[in-house]
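In: below is the sequence, then the predicted model.
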Amino acid sequence: MIFSRQEKIVFIILASILVFCIGFMFYKTRVVSEPDTISGETQPENYIVQISGEVFRPGVYHVKEGTRLYQLIELSGGATPQADLSNLNLAAPVHDGLRINIPGRNAHENPLENPQLSFYKPVPLSGSKETESHGSSHLVVQINTASLEELKKLPGIGDVIAQRIIEYRQTHGPFRSAEELLNIKGIGAKKLQDMKDSITF
C-alpha cells in the first residue's frame with residue numbers, strides 16, 4: 001500500500017502523540033510512586049521518653065529520633081530556676097525508653113544513680129571507685145561515666161581505645177552489657193575478659 005505524503009504526515013503526527021502519551025504516563029506513575037518509597041526509608045523513628053525533676057512540665061513525651069537533651073528540656077517547658085545543668089551534656093541524643101531526671105542545685109544527686117549516664121559530663125572520681133577486699137584494693141570503673149584517664153586504668157586500655165569508648169557512648173548512648181564493648185575496635189574477647197571484673201554499669 002502506498003501512502004500519500006499527507007497521509008504519511010498524519011501518521012507521523014499520530015505516532016508522535018502516542019509515544020508522548022506513553023512516556024508521560026510512565027513518568028507520572030514513577031513520580032507518584034517514588035515519594036512513598038523515599039518516605040518509608042527516611043521517616044524518623046518515634047521515641048517515648050520520660051523527663052522529671054527541675055523542669056516546668058515533667059512527664060512522658062513522644063519525640064523524633066535525633067532529638068537532643070536540650071530539645072527535650074525545652075519541650076517539657078524548660079528548666080526551672082533551681083535546675084543545675086552544669087554537669088549535663090545538653091547535646092547528647094535521647095533514646096527510646098529514656099528516663100532522665102534534671103537535678104536541682106541543692107539536690108546533691110549522684111550521677112551514677114541516674115538511669116541515663118551518658119548525659120553527664122565525665123567528672124573526676126565519679127566514674128571509678130576502689131573497694132577493699134581481703135586487704136587488697138580493686139579498681140572498678142563505671143564504664144558509662146568514666147573519663148579518659150579513668151578508662152586508661154582498665155587492663156589493656158590506652159589513649160586510643162579509651163577515646164573510642166567515649167565516642168561510642170556519645171553516639172550510641174550508654175553501654176548496656178559488657179559484650180557491647182566488643183563493638184569497639186581494639187577490644188576482643190580476651191581483652192574483654194581481662195577487664196570484665198573491673199567494670200560496672
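Out: Alright, I've got the coordinates.
In: mean pLDDT per helix and strand in the protein: which one sits at the bottom?
Out: strand 128-133 (a mean of 42; mean pLDDT, DSSP states H and E).
In: what's in contact with stretch 177-184?
Out: 143, 161, 164-165, 168, 175, 187-189, 192, 196, 199, 201 (C-beta atoms under 8 Å, 6 or more residues apart in numbering). Where C-beta positions appear, they are placed from N, C-alpha and C, glycine not excepted.
In: swap the cut-off to 6 Å and go again
Out: 164-165, 168, 187, 192, 196 (C-beta atoms under 6 Å, 6 or more residues apart in numbering).
In: just among the residues you listed, which is most surrounded?
Out: Ile165 (22 neighbours; other C-beta atoms under 10 Å).
In: which SS class is that residue?
Out: helix (DSSP: H, G, I helix; E, B strand; the rest coil).
In: contacts only, for it.
Out: 151, 184 are the contacts of Ile165 under C-beta under 6 Å, 6+ apart.
In: picking that back up, which of the contacts of stretch 177-184 scores worst on pLDDT?
Out: Across the set of those, Lys196 stands lowest in pLDDT, at 86.
In: quick check: closest non-adjacent residue to that residue.
Out: Nearest residue to Lys196 in three dimensions, chain neighbours excluded: Ala178, at 5.4 Å (C-beta to C-beta, 6 or more residues apart in numbering).
In: burial count for the one you found?
Out: If we define neighbours as other C-beta under 10 Å, then Ala178 has 16 of them.
In: show the pLDDT at it.
Out: 86.
In: for Asp197, see how far away it is.
Out: Distance, Ala178 to Asp197, using C-beta to C-beta, to the nearest Å: 10 Å.
In: could you measure Val160 against Phe56, distance?
Out: 43 Å.
In: could you do Gly77 as well?
Out: From Gly77 to Phe56 the distance is 3 Å (C-beta to C-beta).
In: which helix or which strand is home to Glu74?
Out: helix 69-75 (DSSP states H and E).
In: can you name the element that comes right after that helix?
Out: strand 99-102.
In: pull out the buried residues from that next one.
Out: Going by neighbour count (16 or more other C-beta atoms under 10 Å), the buried part of strand 99-102 is 100-102.
In: so where is this protein shaky, pLDDT-wise?
Out: Where the chain drops to pLDDT under 70, the residues are 1-3, 27-44, 107-138.
In: all helices of it, in order?
Out: Along the chain, the stretches classed as helices by DSSP state H are 5-42, 69-75, 148-151, 159-172, 189-195.
In: I'd like these laid out as CSV, including distance to Pro93.
Out: Converted to CSV, the helices of the chain look like this (distance: least, C-beta to C-beta, whole Å):
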stretch, distance to Pro93
helix 5-42, 17
helix 69-75, 8
helix 148-151, 21
helix 159-172, 8
helix 189-195, 26
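In: closest one of the buried residues of strand 99-102 to Val60?
Out: Nearest to Val60, judged by C-beta to C-beta, of the buried residues of strand 99-102 is Ile100 at 11.7 Å.
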